[in-house]
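[1] quick one: sequence plus predicted model below, questions after.
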Amino acid sequence: METALKQKLRQKIEAFRPRTQKLTKELANLVIDKVNIGQAIGGARDVRCLVTDISYLDPLEGIRFRGKTIPETFAALPKVPGKEQPFVEGFFHFLLTGDIPTMRETQDVVEDWRSRSAVPQYVFDVLRAMPRDTHPMTMFSAAVLAMQRESLFAKRYGEGGLKKADMWDPMYEDAMNLLAKLPPIAAAIYRMKYKGDTLIPADAKLDWGGNFAHMMGVAAPYDEVARMYFILHSDHESGNVSAHTTHLVASALSDAYYALSAGLNGLAGPLHGLANQEVLGWIQNVMKKLNNKLPTKEELEKFLWDTLNAGQVIPGYGHAVLRKTDPRYVAQNEYAKKHLPNDPLFQLVNMIYEVAPGVLTKHGKTKNPWPNVDAHSGVIQWYYGVREWDFYTVLFGIGRAMGVLANIVWDRGLGYAIERPKSVTTEMLEKWAQEGGRKEALGG
Ligand code: CMX
């Protein structure tokens, strides 16, 4: 029998389709952007050529999930009883449908994910066969890819007769199966790699975030950190590397396992998700050089300049779209102010916030001298005892999976096309530059 969430999603997708159809059939030729040479060479920055209704990133305001800011989202969602943070399951319902769920609807997702959460034994066998010094992100992505044989989308497509209008259905099933399994897989990677391969079985009474903390073997309030962290990292509209990669791969009708694994590989880059690991490494390096003393502002300024002069980026600072302090940084800062105000690393993070924007502005390159989400996340993990910082991007990946998977379910629901932008040669660019622009593009 179809769950209430799936029924709701079916109705939402069917009701939405005429809007997309009208835009693609009657209004397809309406111009919404232009592309210049800088954008063609420079990572398509700011080119409006992707569509998603799940989140929108305003350069000055930051992210809105389904129209709600981060504080509005956290305030609206049903809370885990006795806790401050919302159910991640309710948040996923919200991302997928745009509706804030009731407690009953939230509990339905809790139960649904619980029923799908058993991880096939071969996934653990694959992980154990990998050299123990393999990066946790490689293990995480490999585990997701190894499960591709479970894909219902691939199965139904392979059997023939899967209509375009029905493709969202097995994509949704794959997304739900995957999401249910990601926390036990991630916790198993953590315990295999750093805790002598002593895995902790799930506790069927707990929610997704609470169970993750339990399987990690980290005591409360780490469950609260997990819930907050997964929600904050979930979605950041469609142009970032992990979201775009997942969407691109799924556009070839590759299933959710192929697509998510690819997206995670993009998240593993130091300019994207891996920056949170880099931040902790950078901070620890500062502390080590000063024999675990907090630096003065002058010392900190020198460390920042040394990094820049060595040709490296200041991890956790700058952003391709944002032009102010990331509200995901602010949310973590508020949490830390309340729960770990005297932690020396938290104090150092605050000092960096006072010094780094000025240094980056003087350096003169970055368009955004303010911190992004990654500048803060590792410090909270460290405080609660998760100190193996090469694991941090896996945590980002669990959260990000919710956003990218919700997106590819809707991609199939709205029948989005295989992605295929056009490339040109350098010679063409040089010729158009001499002519003062490409004639056809200029309407010539
Ligand atoms: N430190 C030093 N230089 C920086 C910088 C930083 N934190 N941020 C940007 N710059 C430099 C760029 O490297 C670029 O230099 P070149 O012209 O020599 O190539 C110049 O400033 C202009 O870059 P930009 O337009 O401001 O930023 P981009 O859109 O090209 O890149 C980002 C955005 C995030 C990759 C970049 O700011 C950066 O490398 N930050 C540090 C890494 C980081 O924190 N990444 C995490 C982002 C959030 C996430 O995805 O998780």
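    Perfect, I can see it now.

[2] Phe87 - nearest residue in space that isn't next to it in sequence?
    The shortest distance from Phe87 to any residue other than its chain neighbours is 5.0 Å, reached at Thr106 (Cβ to Cβ, 6 or more residues apart in numbering). Where you see a C-beta, it was placed from the backbone N, CA and C, and this is true even at glycine.

[3] and what of Ile185?
    For Ile185, the nearest residue in space outside its immediate sequence neighbours is Ala143; the separation is 4.9 Å by Cβ to Cβ, 6+ apart.

[4] tally up the residues packed near that neighbour, please.
    One way to gauge burial is a neighbour count; for Ala143, by other Cβ atoms under 10 Å, it gives 26.

[5] what's near enough to touch it?
    Applying Cβ atoms under 8 Å, 6 or more residues apart in numbering, one finds that Ala143 lies in contact with 123, 126-127, 185, 189.

[6] mind listing what's buried in the helix or strand hosting Pro183?
    Pro183 belongs to helix 168-194 when assigned by DSSP states H and E. For helix 168-194, the neighbour count (16 or more other Cβ atoms under 10 Å) marks 168-193 as buried.

[7] related to what we said a few turns ago, I'd guess the residue nearest to Phe87 is in a helix, am I close?
    Yes. When DSSP: H, G, I helix; E, B strand; the rest coil is applied, Thr106 is found to be in a helix.

[8] where does this protein have its least confident helix or strand?
    helix 275-289 (a mean of 93; mean pLDDT, DSSP states H and E).

[9] one step back: closest to the ligand out of the contacts of Ala143?
    Proximity of the contacts of Ala143 to the ligand, judged by Cβ to the nearest ligand atom, is greatest for Ile189, which lies at 20.1 Å.

[10] thought Pro136 was touching that closest one, still the case?
    Yes. Under the criterion of Cβ atoms under 8 Å, Ile189 lies in contact with Pro136, with a separation of 5.2 Å.

[11] overlap of the contact sets of those two?
    In terms of Cβ under 8 Å, 6+ apart, Ile189 and Pro136 are both contacted by the residues 391, 394.

[12] who are the contact partners of the residue in the chain that the ligand sits nearest to?
    Relative to the ligand, the nearest point of the chain is Gly318 (2.2 Å; Cβ to the nearest ligand atom). Taking Cβ under 8 Å, 6+ apart as the definition of contact, the neighbours of Gly318 are 360, 366-370, 372.

[13] now these: which count as buried?
    Burial by neighbour count, 16+ other Cβ under 10 Å: within the contacts of Gly318 this picks out 360, 366, 368-370, 372.

[14] turn those residues into a markdown table, including pLDDT.
    Converted to a markdown table, the buried ones among the contacts of Gly318 look like this (pLDDT from 0 to 100):
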| residue | pLDDT |
| --- | --- |
| Leu360 | 98 |
| Thr366 | 97 |
| Asn368 | 98 |
| Pro369 | 98 |
| Trp370 | 98 |
| Asn372 | 96 |
